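Engineer: just need the structure, nothing else, for what follows:
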Amino acid sequence: MTLLQMRYFLTVCRLQNITHAASELHIAQSTLSQAIQTIEEETGLNLFVRSGRNIMISQDGQKLAQKVTALLREVDVFEDDVREMARRHGKLKMAIPQQQASFIIPRLLNDFCPRYPEIQLDIVEPSGLESARLVREEKVDLAIVNYDGETLPDLHYRRVNSRPIKFVVWKGHPLAGLQSISLAEATKGPLVLLSEEFFVTRLLTRTMADRHLELNALYYSPHLSTLYSLLRAHTAPSILFEQAVVSLENVVTIPFDEPLSLTSCLITKKNRQLSKDLRLVMKFIRGELLKDYPVPSA
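Structural biologist: Okay, here's the model as predicted:
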């Protein structure tokens, strides 16, 4: 017995009249009569006692109607659940660390969201390491990070492009006029840096250790906005991913003699189906990461 036949059967049980039932179901009376006959043949039960156009439910028909009602109630719950899943499917959870967030989120909100209003973006701004963990635990669908080369085996890393890490000072700083700077010179004085959960600081620390240099960190902050404030207050220079300061005024970014860089990448969980919505947002972000945007300089 198909679900459609079950619904036909219950409608006839309720109205106890083939003509009225066919009218309510918007089907031909002959179609409904044939469907009821097929049900009786398949079940081997006499479900109705017929008297002209009117019919009465038999005892077997009443028992079957109870079972069909319970089954269709479960089907309705199932269909509601599927619709809810489909509704939630349009909501994407994303982790974007602050250095990428300052660059990507304005473009998502200004360009992507108006273009695809049916896709809801739920964005958090953790560190790079935390972003990867959230993808791994399937708490977010996608992370956009400045990848430092270390991978987790159950994550898929889609590399987009590499961009430099630069020495960042304010206009008027004694080093602001340099065309380039060595890592040793940049780290002589105190620096304000992102905390060690960020890939840029991890790469910087590892590079310093490889070159037997000491890192003089005045302050580590988990918040990029705090570093912006410290730069504006002329507290100390910083070393940041190039695009982290793309919209920051009155700063100068100086490349290193031996360039340092991080690779932007999109992280998803391995062996997980990518939805159409997720592929759309990944394509958009990839396009934005590949664009060349001016960075403040001297």
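Engineer: in the stretch 51-200 of the chain, which spans are helices?
Structural biologist: 59-89, 98-107, 113-115, 128-136, 183-186, 199-210 (DSSP state H, counting those that start in this stretch).
Engineer: show me the domain layout of the chain.
Structural biologist: 3-86, 91-290 (automatic domain parsing).
Engineer: now for residue 78, how many residues are close by?
Structural biologist: 10 (other C-beta atoms under 10 Å). Where you see a C-beta, it was placed from the backbone N, CA and C, and this is true even at glycine.
Engineer: I'd like the distance between it and residue 281.
Structural biologist: Distance, residue 78 to residue 281, by C-beta to C-beta, to the nearest Å: 29 Å.
Engineer: quick one: list the elements packing against the one helix or strand residue 14 maps to.
Structural biologist: Secondary structure assignment for residue 14, by DSSP states H and E: helix 3-15. Counting contacts by 3 or more C-beta pairs under 8 Å, 6 or more residues apart in numbering; DSSP states H and E, helix 3-15 packs against helix 18-25, helix 29-43, helix 59-89.
Engineer: coming back round to it: lowest average confidence across the domains of the chain, which one?
Structural biologist: Set side by side, the domains of the chain give their lowest mean pLDDT on domain 3-86, at a mean of 85.
Engineer: tell me which of the domains of the chain sits most buried.
Structural biologist: domain 91-290 (a mean of 18; mean count of other C-beta atoms under 10 Å).
Engineer: how far off centre is it?
Structural biologist: 18 Å (C-alpha atoms, centre = their mean, to the nearest Å).
Engineer: which ones are touching residue 72?
Structural biologist: 3, 6-7, 10 (C-beta atoms under 8 Å, 6 or more residues apart in numbering).
Engineer: distance to residue 105 added to these, as JSON lines?
Structural biologist: Below are the contacts of residue 72 laid out as JSON lines (distance: C-beta to C-beta, whole Å):
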{"residue": "3", "distance to residue 105": "45"}
{"residue": "6", "distance to residue 105": "50"}
{"residue": "7", "distance to residue 105": "48"}
{"residue": "10", "distance to residue 105": "52"}
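Engineer: of all the residues you listed, which two lie farthest apart?
Structural biologist: Farthest-apart pair in the contacts of residue 72 is 3 and 10; separation 10.8 Å (C-beta to C-beta).
Engineer: contacts made by stretch 44-61 with the rest, please.
Structural biologist: 9, 12-13, 16-19, 36, 39-40, 64-65.
Engineer: among those, which one lies nearest to residue 239?
Structural biologist: Out of the contacts of stretch 44-61, the member with the shortest distance to residue 239 (by C-beta to C-beta) is residue 9, at 73.4 Å.
Engineer: residues in contact with the nearest residue to the closest one once chain neighbours are set aside?
Structural biologist: Excluding the flanking residues, the one nearest residue 9 by C-beta to C-beta, 6 or more residues apart in numbering is residue 39, at 5.8 Å. Going by C-beta under 8 Å, 6+ apart, residue 39 touches 1, 5, 8-9, 47.
Engineer: what of residue 251?
Structural biologist: So, once contact is read as C-beta under 8 Å, 6+ apart, residue 251 ends up touching 168-171, 231, 245, 296.
Engineer: what's the closest of these to residue 288?
Structural biologist: Checking those one by one against residue 288 (C-beta to C-beta), the nearest turns out to be residue 245, at 16.8 Å.
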